[in-house]
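Q: Quick one, what's the 3D model for this:
(one chain, ligands or ions: 1)
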Amino acid sequence: MAKEQHEFQAETKQLLDLMVHSIYTNHEIFLRELISNASDAIDKVHFEALTNRDLLEGDESYEIFLVPDKESHTLTISDNGIGMNLEEVIENIGTIAKSGTKAFLEKLKEAKESDASVSDKDMIGQFGVGFYSAFMVADRVVITTRKAGEKQAVRWESDGSGSFTTEECEKEKRGTSITLFLGKDFYGDSTEENYEDQYTLERLVKKYSDYVRYPIKMNWESEEMPRDKDGKIIPDSKPEKKVEIRTLNSMQPLWTKGKSDITQDEYNEFYKNQFHDWENPMEIFHVNAEGAVEFTALMFIPENAPFNLYHADFEPGLQLYSRHVFIMDKCKDLLPDYLRFVKGLVDSPDLSLNISRELLQQSRELKVIGKNLEKTILKTLAKQLEKEREKYEKFWAQFGKSLKIGVYGSIYSGGDTKDKLKDLLLFETSKEGKLTSLKEYKERMPESQKKIFYATGKDKAIIDELPQMELLREKGLEVLYLTDPVDEFCIEALHEYDGKEFQSISRGELDLGDAESEQEKKETENIAKENGDLMKDIKEALGDKVGEVKVSSRLKSSAVCLVASAEGPSLSMEQTFSDMDNPMFKAKRILEINPKHDLFGRLQQLHDAGKDSQEFKDYCDMLYTQALLIEGIMPDDPVAFANKVAKLMAK
Ligand SMILES: Nc1ncnc2c1ncn2[C@@H]1O[C@H](COP(=O)(O)OP(=O)(O)OP(=O)(O)O)[C@@H](O)[C@H]1O
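A: Okay, here's the model as predicted:
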């Protein structure tokens, strides 16, 4: 096959451009990234060889080799891992499959558009770029790779601009060799970032890749004075060059060390290296358990939620080891889905090495371990909420959504998830602009208050403006602000907290539970009776836009509001369903009119003058459209509304 030229995918070009223009100043991490890819590739061949030994072609000593070359100013990183064939090189290296990457690039663009002071550097730190980081230090990169079990090797080459080439080549050993043609700032004794220098490479391997489970080797050059047979240095002789193969990393898995022997830095470096993150973790769990099942687990909560956490392509799960030997990546059967953001590994002598995924799912050991880990994480979070509020709120900002989805999901999965999570939930509230837990809300409830009130809206400011809020504010009743679409689904799933039901201020009857409200309710009922015809005729004028028109007892100074019936979804749930292309879930809309507003008198007048008049019909329509706008819902025909308002203004 002749040499072929390929264009990088648009997103890849963008990412490469960011890399080449050195937005990330910590260039040295390229080595960690390439070593960790090499280690992953060895994991893969190791795993596949469990069922197909032929893949190894007799070469079972897994290793990663670094070859710096001062003549050509190159650094080559070789592994005898799984390797890639032509299709895989093009697919894996030329395109970015992860939708998270695309989301990241979009987010970067948006952030820069809305705030010019945001630099690429601020953003890139939140994101791993893997192989492409090679272009931070190299002007040109050549990959030669041969897939285990296949004969044909491939040579891939690119200078990191718009394109790359591929051609067939020979390669004796399976696996991948990546040669970096170092840029002029990255070799020679005059720079600290001298990546052809063995001492620099040794330091970086120790710093970033010490726990990689395979030996990272290098030809180590040294000079020694010649000695005589008694071991004495021969006087006036010249030093002799010596080359020996040296393993640079200790390879001792961190989790096998005693907790007290591990420093915070060691945990952090291990995490970043093993789980491809650029930032230290927010929380670390190191669990050693003996008993029914023996295991060690090392788990981490990242500092930031990955951009694709809720995308279909996000793969949650922990790594599994048995007696320090890797069994599998991303085992989903250990932790519940609401902890999908937790990264980590479990090492247990009670797990079998050759177990298939299917059998593993049913394994009793795995269930025991999973339960233990879930409990550990939840206990730590609960303690943090109580004792380290600020830290918990930081966690909540990143991963709270996951817990809320977990509560909602428990409607379908059954089980006790919602009970486990209900005390970990936080909501914004009308009190003091702080986040509140349900327990704290309940403790503040006056005795007369029977229900926990909540309001939904895009943000706090919009909810504050809702006409329904006015009455509750006046009565000093606290309201939870549900600003995330998943919030209301979560509250629905909970149904009640510690004996107190939830009550939306925009759904069903609003029972404030005080004597005054009772009195107001009676008055409203009387007004409703007296104005039965008016309500009926407004409903008739609006047709099926609304399910019902009522006299309201929940409004103070606003003329109207739109609420949903207690049965069926709320207006904001309807919106969420429609955003998810599920438009059949419709709220039953109830238009409520304030009898104390001057407009009510005007409506009565128009109605008395003739319910079939165009003016009465226009008023009904304008009232309804106003109520829609207050809810943040765009009317079907905004032009007609504007025209009616203009006509009225001109009068
Ligand atoms: N040494 C290697 N041997 C075999 N395949 C490799 C090697 N290096 C990279 N690859 C393939 O190329 C893909 C892309 O690598 P890249 O480093 O860009 O991302 P990643 O490792 O998947 O993700 P990240 O590093 O961000 O966690 C890998 O998933 C792997 O399939």
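Q: CA atoms for contacts and neighbours, from now on please.
A: Noted.
Q: ok, the closest residue to the ligand within the chain - how many residues close by?
A: When scored by C-alpha to the nearest ligand atom, the chain has G130 as its residue closest to the ligand, at 3.3 Å. Counted with other C-alpha atoms under 10 Å, residues neighbouring G130 total 18.
Q: can you check H324 too?
A: Neighbour tally, H324, other C-alpha under 10 Å: 16.
Q: residues in the chain within reach of the ligand, list them.
A: 37-38, 41, 82-84, 92-93, 128-132, 176, 276 (C-alpha under 6 Å from any ligand atom).
Q: Restricted to buried residues, select those residues in PyMOL.
A: If you want just the buried ones from the residues of the chain next to the ligand in PyMOL, going by 16 or more other C-alpha atoms under 10 Å, the selection is:
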select buried, resi 37+38+41+82+83+84+128+129+130+131+132+176+276
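Q: Out of the residues of the chain next to the ligand, which sit inside strands?
A: T176 (DSSP state E).
Q: Nearest to V486 among the residues of the chain next to the ligand?
A: G128 (28.2 Å; C-alpha to C-alpha).
Q: residues in contact with the nearest residue to K217 once chain neighbours are set aside?
A: Distances taken as C-alpha to C-alpha, 6 or more residues apart in numbering place T247 nearest to K217, at 4.4 Å, with adjacent residues excluded. By C-alpha atoms under 8 Å, 6 or more residues apart in numbering, T247 lies in contact with P215, I216, K217, M218.
Q: Could you tell me which of the residues you listed count as buried?
A: Buried, going by 16+ other C-alpha under 10 Å: P215, I216, K217, M218, out of those.
Q: Save these as JSON lines, and put in secondary structure and pLDDT too.
A: Compiled in JSON lines, the buried ones among the contacts of T247 are given as follows (DSSP: H, G, I helix; E, B strand; the rest coil; pLDDT from 0 to 100):
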{"residue": "P215", "secondary structure": "coil", "pLDDT": "96"}
{"residue": "I216", "secondary structure": "strand", "pLDDT": "97"}
{"residue": "K217", "secondary structure": "strand", "pLDDT": "98"}
{"residue": "M218", "secondary structure": "strand", "pLDDT": "98"}
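Q: ok, which pair from the residues you listed is furthest apart?
A: It's P215 and M218 that sit farthest apart of the buried ones among the contacts of T247, by C-alpha to C-alpha, at 9.7 Å.
Q: between those two, what contacts are shared?
A: Joint contacts of P215 and M218 (C-alpha under 8 Å, 6+ apart) are T247, L248.
Q: just to revisit the earlier point, quick check: the residue of the chain closest to the ligand vs K44, distance?
A: 17 Å (C-alpha to C-alpha, to the nearest Å).
Q: Helix or strand: which one has the spatially most central residue of the chain?
A: Closest residue to the average C-alpha location of the chain: L309 at 3.1 Å, with C-alpha atoms, centre = their mean. Using DSSP states H and E, L309 maps to neither a helix nor a strand.
Q: So for it, what's the pLDDT?
A: Here, the pLDDT recorded for L309 equals 90.
Q: Enumerate every residue touching the residue nearest to it when sequence neighbours are not counted.
A: Excluding its sequence neighbours, the residue lying closest to L309 (C-alpha to C-alpha, 6+ apart) is F341, at 7.1 Å. Going by C-alpha under 8 Å, 6+ apart, F341 touches I301, P302, A305, L309, P316, F399.
Q: now do W220
A: W220 touches Q198, V243, E244, I245, R246, counting by C-alpha under 8 Å, 6+ apart.
Q: Following the record's annotation, map out the domains of the protein.
A: 4-225+239-247, 254-387, 425-514, 517-649 (automatic domain parsing).
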